[in-house]
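**Q** following is a predicted model, sequence given first.
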Amino acid sequence: MEYVHLPEGSDAHSGHGVKAHWDERTVRLGERDVLYLLTDAVVDTVCCGDRVFHYATVLGFITNPGTGKTDSGQRISIVQPVADPGAQGEIEALLKKDDPDLQVSFRAE
């Protein structure tokens, strides 16, 4: 699967009651790098106050980093989604090691 990396300076959003910040990060599992997005968002609701979301979306194993660029100059990498439940468990444990409350999801193909 092709993944278009976030453009420089697009790591934050604010507006319409939502403030969000995300980072592209990698974690090493064995001999492979795993790409994930770490997101922190605050949604301000009129009825219930702020809701805070802190989660990681695992995009997959990086199989070919920086294979090209879009017309606007954003880097493109090839990632392989993590389908193996055992590998998913290991990755989740790595991500939660320093952040036990982190919610982790895995992107399917």
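**A** Received the coordinates, thanks. Source: prediction; values computed, not measured.

**Q** grab the nearest non-local neighbour of residue 45.
**A** Here the nearest residue to residue 45 in space, its sequence neighbours aside, is residue 51; by CB to CB, 6 or more residues apart in numbering that works out to 6.4 Å. C-beta coordinates here come from the backbone N, C-alpha and C atoms, glycine included.

**Q** cool, and residue 55?
**A** Spatial nearest neighbour of residue 55, chain neighbours left out: residue 103 (4.0 Å); criterion: CB to CB, 6+ apart.

**Q** any idea how far that neighbour is from residue 54?
**A** Using CB to CB, to the nearest Å, one gets 7 Å for the distance from residue 103 to residue 54.

**Q** residue 2 too?
**A** Taking CB to CB, one finds residue 2 at 27 Å from residue 54.

**Q** helix, strand, or coil at the residue nearest to residue 45?
**A** Using DSSP: H, G, I helix; E, B strand; the rest coil as the criterion, the local structure at residue 51 reads strand.

**Q** that one: what's it in contact with?
**A** Counting by CB atoms under 8 Å, 6 or more residues apart in numbering, residue 51 makes contact with 42, 43, 45.

**Q** and for residue 103?
**A** For residue 103, the set of contacting residues under the criterion of CB under 8 Å, 6+ apart consists of 53, 54, 55, 56.

**Q** isn't residue 61 right up against residue 79?
**A** Yes - under the contact definition of CB atoms under 8 Å, residue 61 touches residue 79, with a separation of 6.4 Å.

**Q** before we move on, back to that, are any of the contacts of residue 51 buried, and which?
**A** Not one of those meets the buried threshold, by 16 or more other CB atoms under 10 Å.

**Q** after the worst-scoring helix or strand of the chain on mean pLDDT comes which helix or strand?
**A** Within the chain, no helix or strand scores below strand 12-15, which has a mean of 62 by mean pLDDT, DSSP states H and E. Counting by DSSP states H and E, the next helix or strand C-terminal to strand 12-15 is strand 18-29.

**Q** list the buried ones in that next one?
**A** Within strand 18-29, the residues that qualify as buried are 22, 27, counting by 16+ other CB under 10 Å.
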